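# build me a structure from this.
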Amino acid sequence: MVQAGVVTMTNTARKREIPFPIAHDALHALVDVTKSLLRPMNLNAVLDQILTQVERLFGYEICSVILPTGRDNRLYMAAHRGYDPEIANSIRIKIGEEGIIGHVAATGKSYYAPDVSVDPYYIEGSTKVRSQFSVPLIIDDRIIGVLDVESSELDDFPEDVQHVIEAFAALAALAIYRAQHQEELEHLALTDGLTGLANNRAFWEALHRELARARRFNQPLSLLVLEIDKFKEVNDTYGHLKGDEALRGLAQILGVTCRSMDIAARFGGDEFALILPQTTKDDARKVAYRLMDRVRKFRVDGHLQLTLSMGLAAFPEDGITPNALFSVADYAMYRIKEQGGNGLGLEAPSDAARVADAHH
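Purely as a prediction, here's the structure:
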């Protein structure tokens, strides 16, 4: 049924006596959908828009976008409507082996089950589902997911409707790909290529953001700045490949030492930092000693031991701006290096207050 330039399929229209042509109004509706989907949006917004349009254009209230987990040969419900959220969020579908969706992801071909109760591929997910139409999301012959639409009515997807859904799925695939690609680019722009940690740009953005949050909610925040002791000697003696191994090893140790809210960054050659939101200076000191202990136990190439020089600063006592806080932690770290390294520095410059004021 075509109403006001929008292709709809209401409950009353599902047992239709007239064909469902891709008419002038339907094409206009798809053009509108294209404009909507191809606006700059993050992936979650794109997925939400896709399902909104499935409901708006076709009237189906049970629908989902299924994407690869990226870790195994399985799919997950990246977005859904009409499902129990707890169940939907736990579903993992093995490609090629589980259900209609797994079959479509394996074959790259649309699949229609007019009566799911007798369909050989169907796996029951909801007792109210009577028919199901699943369409692969394809970019350059690569399957990037599945658009799944289900109905509580038998044989509820006429052939012309299937064609329009397939056309819509092609647009949806493009929108998903663009959003994923944009997120990948943004991630790369904020990630250190060698270690996978936040890079210099991401570090300063995070420090500004977390410090602003600490001020807003009157919470503590601590900053650790650290360097590998005698790292130049490691490179000169063992070569840059071993130096890179040392950097990656330290990054991994930072990763297991951090909480999910903490931000570990590499902002220079062997210069690292750890932002600790909601952490007092005393608690940050404990984190620092735990980190140093783990680094001492680590061996590059099975035998080369590393040590760290670290400096600690905390908000608000050591600084109230990102530059001031970093200056104090950096100063404390270099004081330790001057003393031979392998330690934690807490000493602030005598003009710390002036530094803080100058950068306020």
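# what number of residues are in the vicinity of the closest residue to Gly341 other than its chain neighbours?
Leaving aside its sequence neighbours, Gly341 sits nearest to Asp229 (CB to CB, 6 or more residues apart in numbering; 3.6 Å). Where you see a C-beta, it was placed from the backbone N, CA and C, and this is true even at glycine. Using other CB atoms under 10 Å, Asp229 has 19 other residues around it.
# give me the phi and psi for Asp229.
Dihedral angles of Asp229 (phi, psi; degrees, to the nearest 10) stand at phi -70, psi 140.
# report the contact partners of it.
Contact analysis of Asp229 by CB atoms under 8 Å, 6 or more residues apart in numbering lists Leu306, Thr307, Leu308, Ser309, Lys337, Gly341, Asn342.
# can you give me the buried ones in the helix or strand harbouring the fifth one?
Element membership for Lys337 (DSSP states H and E) is helix 322-338. Neighbour-count burial for helix 322-338 flags 322-337 (criterion: 16 or more other CB atoms under 10 Å).
# which residues touch the helix or strand that comes right after it?
Remark: after helix 322-338, the chain's next helix or strand is strand 343-345, criterion DSSP H and E. Residues outside strand 343-345 that contact it (CB under 8 Å, 6+ apart): 285, 288-289, 292, 309-312, 331-336.
# quickly list the domain ranges of the chain.
2-189, 200-358 (automatic domain parsing).
# got TSV for the ones you listed, with mean pLDDT too?
As requested, those are arranged in TSV below (pLDDT from 0 to 100):
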stretch	mean pLDDT
domain 2-189	83
domain 200-358	90
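# can you list the residue ranges for helices in the chain?
Here the chain has its helices, by DSSP state H, at 24-37, 43-58, 85-90, 99-107, 159-189, 200-216, 231-238, 240-257, 281-297, 322-338, 352-358.
# looking at the ones you listed, which is nearest to Asp148?
helix 99-107 (5.5 Å; CB to CB).
# can you list contacts of that closest one?
The contact list for helix 99-107, computed with CB under 8 Å, 6+ apart, reads 66, 75, 93-96, 110-111, 113, 119, 121-123, 132, 134-136, 143, 145-146, 148.
# now do 6 Å
Around helix 99-107, the neighbours that count as contacts under CB atoms under 6 Å, 6 or more residues apart in numbering are 66, 75, 93-96, 111, 121-123, 132, 134, 136, 143, 146, 148.
# buried residues in it?
Those would be Gly99, Ile100, Ile101, Gly102, His103, Val104, Ala105, Ala106, for helix 99-107 by 16+ other CB under 10 Å.
# which one of the residues you listed is nearest to Tyr238?
Ala105 (46.4 Å).
# any idea how far the closest one lies from Met310?
For Ala105, the distance to Met310 (CB to CB, to the nearest Å) stands at 48 Å.
# hmm, back to that, which among the contacts of Asp229 end up buried?
For those, a burial check counting by 16+ other CB under 10 Å picks out Leu306, Leu308, Ser309, Lys337, Gly341, Asn342.
# farthest pair within those?
It's Leu306 and Lys337 that sit farthest apart of the buried ones among the contacts of Asp229, by CB to CB, at 14.1 Å.
# assess the claim that Leu190 and Asn200 are in contact.
No. With contact defined as CB atoms under 6 Å, Leu190 does not reach Asn200; the gap is 9.6 Å.
# common neighbours of these two, please.
Joint contacts of Leu190 and Asn200 (CB under 6 Å, 6+ apart) do not exist.
# which residue packs closest to Pro114, ignoring adjacent ones?
Asp155 (4.0 Å).
# burial of the one you found, as a residue count?
14.
# and it, its phi and psi?
phi 40, psi 60.
# wait, it sits on Val116?
No. Contact criterion CB under 6 Å: Asp155 and Val116 do not qualify, at 10.6 Å.
# measure the residue nearest the centre of the chain to Asn42 for me?
For the chain, Glu183 is the residue whose C-alpha lies nearest the centre (CA atoms, centre = their mean; 7.9 Å). Remark: distance between Glu183 and Asn42 (CB to CB) = 7 Å.
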